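Asks: This is a predicted model, with the sequence first.
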Amino acid sequence: MELGWWLVMAVAVFGARALLTVPLIVWGLVLAVAALDPIGAQSNAVFQSRLSANSGDSDGAAAKDNFRPLAATVGRTDSTYVEGGITILDEHRPPITQNVPPPQRGPALRICVTGGAGFIGSHLVDKLMSMEEGHTVIVVDNLFTGSKENLAQWFGNPRFEFIRHDVTFPLNLEVDQIYHLACPASPVHYKWNPVKTLKTSFLGTMQMLGLAKRVKARFLLASTSEIYGDPLVHPQAESYWGNVNTLGVRSCYDEGKRAAETLTMDYHRQEGVEIRIARIFNTYGPRMSLSDGRVVSNFVGQAIRGEKLTVQGNGQQSRSFCYVSDMVDGLIKLMNTEGIDGPVNIGNPNEFSILELSAIIRDVVNKNVEIDFVPQTQDDPKQRQPDISRAKAWLGWEPKIQVAEGIKKMATDFRTRIRG
Ligand SMILES: O=C(O)[C@H]1O[C@H](OP(=O)(O)OP(=O)(O)OC[C@H]2O[C@@H](n3ccc(=O)[nH]c3=O)[C@H](O)[C@@H]2O)[C@H](O)[C@@H](O)[C@@H]1O
C-alpha cells in the first residue's frame, strides 16, 4: 500500500497528536544507540561538525562561542563535557559528584571584623585584605564612631563585605575568625552614652561569642589597658588584676571590658570556644577621627590648626603610645599563634608624661603653639605602661615605630583632612 494510505489509516486509528510523537520516539532511539557507541569520539566529532556546519564555521570555533564560558569547575576550561560520546552543553551538566576530589581548604579564610569601620578596625581590615592568603573580610559596624570612608578602598572588592549592624543584636554569618573590636574607645565617646557602652561591651561580646560557638570560629576580644583601672602596679603585666572604681564615670567602659573578658574566658572554659584576649594600650595613627577626643589626636589637630594644646591637670600623668600598624601586627599575630592561654598586652612600653608628649608634638608638628592647662577628668589613671614580656615570648612581637616617627605620619594624614 502507498505511504499516503498508511498515513490516512494511522490518523484515523490513533489521532494526529499521537502520530507526532513517533519522530520523537525515533530520535530517542537514535540517542540511545549513540550512547552505546564504543567510539565516542567519532560521534562527538560528528556532533561538533554539525555545530560547525550550522554556524558556517569549518573549525568549530564560532560554534564554541555559543557556549557559556565555564568558570571554576575543577580545572576545566571549555564549556562542554563529553558523556558516552555525546558532547553536552554546560547548562545540562549534572552535578559532579564522583571521581572529583573535594576542594582543598586553602589558607584563605572568612574573617569577621566587628568595629571594622573604626580607627584600629579599618587598619586591621587593610592588612587582612592585603595578605597573600586572599582572605575574605566581613566588616560589621553600626557606624556610631566608625566611618565608611575608612573602608572606601575596599567597597566593590569581591572579597570584602560591609554589614551595618549593631553587635548587641544577634547576627548569623559563616566565618573562621572573629576580631571583635566594636565599642567606642575614646573616653569622650564612651562616657556620652554609658548605658549603651556597657550594653555594647557585654551584650555585643555575648552575641559574637555565641556566633563563634555556633560556627566554631576563633574569637579575639579587643580588651583594653583600662581593665587595670588606675593601676597600683607599674608597669602592668597580665597577672595584675587591676584597680577599678565600679561606680565612676569611666566604669561603663572599664567594667564593661572586664565583664567581656570574663564572658570570653567562660565561653572558652564552658563551651570550648577558641579565644584570644588582646589588652590594647593607647594607640594612635592616621585615620583617627578629628573629633575623637583622645590626647594624641587632640594635640596633633590643635598643633596643625595653630591652637593651644589642652593639657589636662598638671600633665604629669603618663601613657605609653603604640603606632597603629604595630598594633595591627600584634593583633594578627595573637589571633594566629597556637597555644595561647590567657590575655596578652599589646602596646608600646615607651612611656611619656602628657607634658612630654605635648613637647614632642610641638617639636614635630608646630613649634609655635602654646600649652593650655585645663581641668583633669574624673578617675583618670595616673600612669600606664604595658609589660610586653608575654607578647615577646608568646608571639615574637614587639612594636617598631617610635613616637616621633609615628606622629609625623599621623600629622601628614591630619593636615590633608584638616586643610583639604
Ligand atoms: O587611646 C587609647 O587607646 C585609650 O584611650 C583611652 O584611654 P586614655 O588613656 O584615657 O586616653 P586619652 O583620652 O587619650 O587620655 C590620655 C591622657 O591624656 C590626657 N589628655 C587627653 C586629652 C587632651 O586633650 N588632653 C589631655 O591632657 C588625659 O587626661 C589622660 O591623662 C581609653 O579609655 C582606652 O580604652 C583606650 O585604649
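Replies: Structure received.

Asks: Excluding residues flanking it in the chain, which one is nearest F144?
Replies: P184 (6.5 Å; C-beta to C-beta, 6 or more residues apart in numbering). Any C-beta I mention is one placed from the backbone N, CA and C, and that applies to glycine too.

Asks: Regarding that neighbour, what is its secondary structure?
Replies: coil (DSSP: H, G, I helix; E, B strand; the rest coil).

Asks: if I pick it, what's in contact with it?
Replies: The contact partners of P184, by C-beta atoms under 8 Å, 6 or more residues apart in numbering, come to F144, T145, Y190, W192, T197, T200, Y253.

Asks: Where does L209 fall, secondary structure wise?
Replies: Here L209 sits within helix 205-215, counting by DSSP states H and E.

Asks: same deal with L124?
Replies: Assigning secondary structure by DSSP H and E places L124 in helix 119-130.

Asks: got the buried residues for that helix?
Replies: Of all the residues in helix 119-130, those buried under the rule 16 or more other C-beta atoms under 10 Å are F119, I120, G121, S122, H123, L124, V125, D126, K127, L128, M129.

Asks: and those residues as a markdown table, adding distance to N350 and pLDDT?
Replies: Below are these laid out as a markdown table (distance: C-beta to C-beta, whole Å; pLDDT from 0 to 100):
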| residue | distance to N350 | pLDDT |
| --- | --- | --- |
| F119 | 20 | 98 |
| I120 | 19 | 98 |
| G121 | 24 | 98 |
| S122 | 25 | 98 |
| H123 | 20 | 98 |
| L124 | 22 | 98 |
| V125 | 27 | 98 |
| D126 | 24 | 98 |
| K127 | 22 | 98 |
| L128 | 27 | 98 |
| M129 | 30 | 98 |
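
Asks: What is the burial count for the closest residue in space to D326 that isn't next to it in sequence?
Replies: Of all residues not flanking D326 in the chain, P399 sits nearest, at 3.8 Å (C-beta to C-beta, 6+ apart). Neighbours of P399 under the rule other C-beta atoms under 10 Å: 24.

Asks: which of the residues in stretch 367-376 are buried?
Replies: When neighbours are counted by 16+ other C-beta under 10 Å, the buried residues of stretch 367-376 are found to be V369.

Asks: per-residue confidence averaged over that stretch?
Replies: The pLDDT scores in stretch 367-376 average 98.

Asks: For the residue most central in space within the chain, which residues are in contact?
Replies: For the chain, the residue nearest the mean C-alpha position is V137 (3.2 Å; C-alpha atoms, centre = their mean). Residues near V137 by C-beta under 8 Å, 6+ apart: I111, C112, V113, G116, V125, L128, M129, W154, R159, F160, E161.
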